[in-house]
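K.L.:
okay, sequence plus prediction incoming.
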Amino acid sequence: MKLASFELSGETKIGIMTDKDQNLIDLRAAGCEHFRSQGDSHAAEHARAMFPSDMVTFLEGGDVTLKIAREVAKRTERLLRRKGREPAALRRVVLHPVKRIRLLAPVPRPPKVIGIGGNYPSLLKTWPRPPKNPPMFIMAPTSVCGPNEDVVLLRGSRYIQPEIELCVVIGKRARHVSARDAHDVVAGYTIGNDISEIDSLMSEWVLRRRPELKPLGIPTEAPFNLSLAFQCKNYDTFNPMGPCLITKDAFDPEKAQITLKLNGKVIQRSNTRDMVVKIARQIEFVSSVWTLEPGDVFFTGAQGHLPPLKPGDVMEHTIRGIGTFRNKCVLEKVRR
C-alpha cells in the first residue's frame, strides 16, 4: 500500500495511490463510504476518528489503523473498477488525479529526521578507518519539503550537493530495539534527498578526503566545525521527500535500486544491497541513542560524491518499487 499526504482546496489529507500512481483515493472519504455500507449511522465521525489528516497521527494508530486502511483501499478499488452510476458517483467523491492535487512529503513534519553518514564503500574508503557504529546526525523537520516543491539554493554558496537515499519511516514508539526486532517498528519506506551546503562543512579534514574541492577556493574551518556541519544540512527545503510512503509489507529494502538524475542525466545509481551497515543494525543503533516515535524518518546513507546544484537544475529521484518525484532548484530571494 502506498500512502501519500496531499493538499486539496487548502486542506491536508491522506490518500492511497492507485492506477499506477496516477490517482489518489481520499482515505477518509473512502472510509466514510465503507463504514456507511456496513450500516454505520455515524460513518463520517468514525472515518474522521480512524483516518486523521496528519500522517504522524495516522501512524500512531498502529497496525490496527493500517489494517483497516488496507481493507478500505481494497474495497474501494474493487468498486471503482465496476461500471454504472454508483461507481461513477463514488469516483467523484473519493478519487483525485495526482496532477490536480498538491503532493506533500509523505510525513510533512516528522518528529525527528535522522541521517546516517558514510554507509557505502565508495564513501567509507575515504575515512581513516571504518567507524564502529554508523555515523549519524539529526536534521530539522523544517528542512523537509515535498515533491515538485522548489529547492532553494543559498546565495553565495559554491557547492551544494544532492544525495538520494532510501528513507525509513518509523511506525511505533520504541527504545533499545534489537536488530532482530527492527522490522517490527518500521511503518514503511520513502525516498529522500539529503542536500548539503559543502561550504559550511569545509575544513582541512574534508579537503583531505575530497581534494577535487580545493580549486574552488572555499574558505576552510580548521579544525572541523561541528556547529557548521549541523548547519549545512538544515536549511529549509534541503530534505525533499516523496512521492509516497510504501508500507513495509509491499517493499524489500535490502535490494532497492536507487537512481538520481540531474537535468535528465544519471548522476547517482546505487543499490541498498551494498550498504555497509544494514537497516536493522541502523535501527538498533539509533534507538540506543534516541527514542523512536511514529513518523520519525531516517536517511540510510548515500553512495558517492555528486556534482553541485545550480539554479534551474531539475532533480529526478527514483527508487524502483516506490516511485519517482522531481524538484527544481531556484536561487533564494533577497529580502529587502
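P.N.:
Received it, and whenever you're ready, just let me know what you need. Quick caveat, the model's predicted, so the values are computed rather than measured. Numbering: from 1, shown residues only.

K.L.:
mind listing what's buried in stretch 55-67?
P.N.:
Across stretch 55-67, burial judged by 16 or more other C-beta atoms under 10 Å covers 55-56, 58-61, 65-66. In this view, the C-beta of every residue, glycine as well, is placed from N, C-alpha and C.

K.L.:
all strands of the stretch 101-250 of the chain, in order?
P.N.:
102-103, 113-116, 136-139, 144-145, 151-153, 160-161, 164-170, 186-193, 196-197, 239-247 (DSSP state E, counting those that start in this stretch).

K.L.:
which among those is found nearest to Lys310?
P.N.:
strand 151-153 (7.6 Å; C-beta to C-beta).

K.L.:
other SSEs contacting that closest one?
P.N.:
Helices and strands touching strand 151-153, by 3 or more C-beta pairs under 8 Å, 6 or more residues apart in numbering; DSSP states H and E, are strand 323-331.

K.L.:
orientation of the strand it packs on relative to strand 239-247 in degrees?
P.N.:
170 degrees (axes from the mean of the first three to the mean of the last three C-alpha atoms, to 10 degrees).

K.L.:
quick one: average confidence on strand 323-331?
P.N.:
In this model, strand 323-331 has a mean pLDDT of 97.

K.L.:
show me which positions of stretch 274-286 end up buried.
P.N.:
Applying a neighbour-count criterion of 16+ other C-beta under 10 Å, one finds 275-286 buried in stretch 274-286.

K.L.:
show residues contacting that stretch.
P.N.:
Residues outside stretch 274-286 that contact it (C-beta atoms under 8 Å, 6 or more residues apart in numbering) are 114, 116, 118-121, 124, 130, 133-134, 136, 168, 177-180, 182-183, 185-186, 253-254, 272, 292, 298, 300-301, 303.

K.L.:
so which elements touch the host helix or strand of Arg92?
P.N.:
Assigned by DSSP states H and E, Arg92 falls within helix 85-94. Using 3+ C-beta pairs under 8 Å, 6+ apart as the contact test, the elements touching helix 85-94 are strand 23-26, helix 27-37, helix 62-80.

K.L.:
in CSV, list these along with distance to Gly264 and mean pLDDT.
P.N.:
Output for those, formatted as CSV (distance: least, C-beta to C-beta, whole Å; pLDDT from 0 to 100):
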stretch, distance to Gly264, mean pLDDT
strand 23-26, 26, 96
helix 27-37, 34, 94
helix 62-80, 33, 94
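
K.L.:
okay, the ones you listed in JSON lines with distance to Pro240 next?
P.N.:
Formatted as JSON lines, those follow (distance: least, C-beta to C-beta, whole Å):
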{"stretch": "strand 23-26", "distance to Pro240": "19"}
{"stretch": "helix 27-37", "distance to Pro240": "23"}
{"stretch": "helix 62-80", "distance to Pro240": "25"}
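
K.L.:
give me whichever of the ones you listed is most buried.
P.N.:
strand 23-26 (a mean of 24; mean count of other C-beta atoms under 10 Å).

K.L.:
shaky segments in the stretch 201-336 of the chain?
P.N.:
Where the stretch 201-336 of the chain drops to pLDDT under 70, the residues are 201-229, 335-336.

K.L.:
break this protein down into its structural domains.
P.N.:
Structurally, the chain divides into domains by automatic domain parsing as follows: 2-103, 113-195+233-331.

K.L.:
could you export the strands of the stretch 101-250 of the chain as a markdown table, including distance to Ala88 and mean neighbour count?
P.N.:
Shown next, in a markdown table, are those (distance: least, C-beta to C-beta, whole Å; neighbours: other C-beta atoms under 10 Å):
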| stretch | distance to Ala88 | mean neighbour count |
| --- | --- | --- |
| strand 102-103 | 25 | 18 |
| strand 113-116 | 42 | 24 |
| strand 136-139 | 45 | 19 |
| strand 144-145 | 36 | 23 |
| strand 151-153 | 40 | 21 |
| strand 160-161 | 48 | 20 |
| strand 164-170 | 35 | 27 |
| strand 186-193 | 32 | 26 |
| strand 196-197 | 49 | 22 |
| strand 239-247 | 26 | 27 |
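
K.L.:
hang on, the earlier thing: narrow the buried residues of stretch 274-286 to those in helices?
P.N.:
Among the buried residues of stretch 274-286, DSSP state H puts 279-286 in helices.
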